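**Student:** no FASTA, just this:
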């Protein structure tokens, strides 16, 4: 199927821009919004990001404040991670992950590199599981396999996040 081959190809090759290749000039909000769709794989024509979303992410502490009204690589890096993670995590959980990264005293370029590496592995693993020759009867099974894998990953992720940031305020030790 051409559509499955297209999906596999995109998952194998499309990646966010490396930190060193992010624009080194400050962007205004409209430029930032127009840049972001090229950072992540999308199949619909919907907005990846709006100015209201950017402002909310800044207000929630997920993204640093703009320098004046201009956004640089640090903003693009954080927003790339937030937009991807927002598909599967709450703002609170994304904040917990980013807080854990800062607690390890990792610089934004190091955090971004780790995110991109993890995304690369996940996309590559998923692409390997796609059989472009699968027929129509196999598609439901393939979709179910991905859904069940997502469920299992979500369970593990939620449990680990609860260990990182317990609701009772006490830190649990990871064993």
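**Tutor:** Received, thanks. These numbers come from a predicted model, not from an experiment. Numbering: from 1, shown residues only.
**Student:** out of the helices and strands in the protein, which is least certain?
**Tutor:** Across the helices and strands of the chain, mean confidence by mean pLDDT, DSSP states H and E is lowest for helix 91-103: a mean of 86.
**Student:** that helix packs against which elements?
**Tutor:** Where contact means 3 or more CB pairs under 8 Å, 6 or more residues apart in numbering; DSSP states H and E, helix 91-103 is packed against helix 73-85, helix 108-128, helix 136-164. In this view, the C-beta of every residue, glycine as well, is placed from N, C-alpha and C.
**Student:** buried residues in it, which are they?
**Tutor:** 93, 94, 95, 96, 97, 98, 101 (16 or more other CB atoms under 10 Å).
**Student:** now the angle from it to helix 108-128?
**Tutor:** 120 degrees (axes from the mean of the first three to the mean of the last three CA atoms, to 10 degrees).
**Student:** report the distance from helix 91-103 to the chain centre.
**Tutor:** A distance of 13 Å separates the C-alpha centroid of helix 91-103 from that of its chain, computed with CA atoms, centre = their mean, to the nearest Å.
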